[in-house]
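One predicted model, sequence on top.
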Amino acid sequence: MNKFIYILTAAALAAGCSGNKSATSQDSTAATVVASTDTSQVAPNPDAAIMEFENVKYDFGKIKEGEKISYTFKFKNSGKSPLIITNATATCGCTTPTYPHEPIVPGATGNIDVTFNSTGKSGMQDKVITVTSNASPAVNEVHLTGEVTAKSTN
């Protein structure tokens, strides 16, 4: 398929360089072929797993620098296929997500447990946890937000 696109593109470019007025129709054909390979236009699989979170944002409020906050993001597989989480990452090393490594069957629930260590942090925080899976969509994000205030020096 890639060779076919390459040949069509090369033919369109050659026709365009020759000054031939019929090159316009060849260019549009090549553009149509290239555009049809764009995977962003692919319809989602109706039988895919669907990861539905109860809450996509948790505001922990105000905490003192050095405190640890833990929260559990609960989700349900509301799709028709088993949900397989392949990764869960956070925006920085101060936030640690853990996720189930076994498949979540359709209709079942699961948890993404997140711990935020505020040591060395101050001000408003928005820690993004990115969950990658076989669901539709394949990438989901949840947020842990709040404010870290300075430790009191008694």
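That came in fine, so what should we check first?

Run through the strands of this protein in chain order.
Assigned by DSSP state E, the strands in the chain fall at 51-53, 57-64, 68-77, 85-90, 95-98, 109-117, 123-133, 139-149.

Parallel or antiparallel, which strands does the third one pair with?
Read it as strand 68-77. Here strand 68-77 is paired, per DSSP bridges, with strand 51-53 (antiparallel), strand 109-117 (antiparallel).

Now mean pLDDT, mean neighbour count and distance to residue 124 too, for the ones you listed, in CSV please.
C-beta here means a position set from N, CA and C on the backbone, and glycine is covered the same way. Converted to CSV, the strands paired with strand 68-77 look like this (pLDDT from 0 to 100; neighbours: other CB atoms under 10 Å; distance: least, CB to CB, whole Å):
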stretch, mean pLDDT, mean neighbour count, distance to residue 124
strand 51-53, 97, 18, 22
strand 109-117, 98, 17, 13
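
Adding distance to residue 89, write those out as TSV.
As requested, these are exported to TSV (distance: least, CB to CB, whole Å):
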stretch	distance to residue 89
strand 51-53	15
strand 109-117	11
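
and of the ones you listed, who's closest to residue 63?
Among the strands paired with strand 68-77, the nearest to residue 63 by CB to CB is strand 109-117 (8.9 Å).

Let me know how buried the residue lying closest to residue 97 once chain neighbours are set aside is, in neighbour terms.
Counting by CB to CB, 6 or more residues apart in numbering, the nearest residue to residue 97 once its immediate chain neighbours are dropped is residue 88, at 4.1 Å. Residue 88: 21 surrounding residues under other CB atoms under 10 Å.

Then residue 66?
Residue 66 is flanked by 13 other residues according to other CB under 10 Å.

how much space is there between it and residue 120?
Distance from residue 66 to residue 120, counting by CB to CB, to the nearest Å: 9 Å.

Common neighbours of these two, please.
Common neighbours of residue 66 and residue 120 are not found (criterion: CB atoms under 8 Å, 6 or more residues apart in numbering).

quick one, what contacts the residue nearest to residue 114 when sequence neighbours are not counted?
Using CB to CB, 6+ apart and skipping residues adjacent in sequence, the residue nearest residue 114 is residue 97, 4.9 Å away. Residue 97 is in contact with 88, 89, 90, 112, 113, 114, 129, 131, counting by CB under 8 Å, 6+ apart.

What's the separation between residue 97 and residue 130?
From residue 97 across to residue 130, the span is 9 Å (CB to CB).
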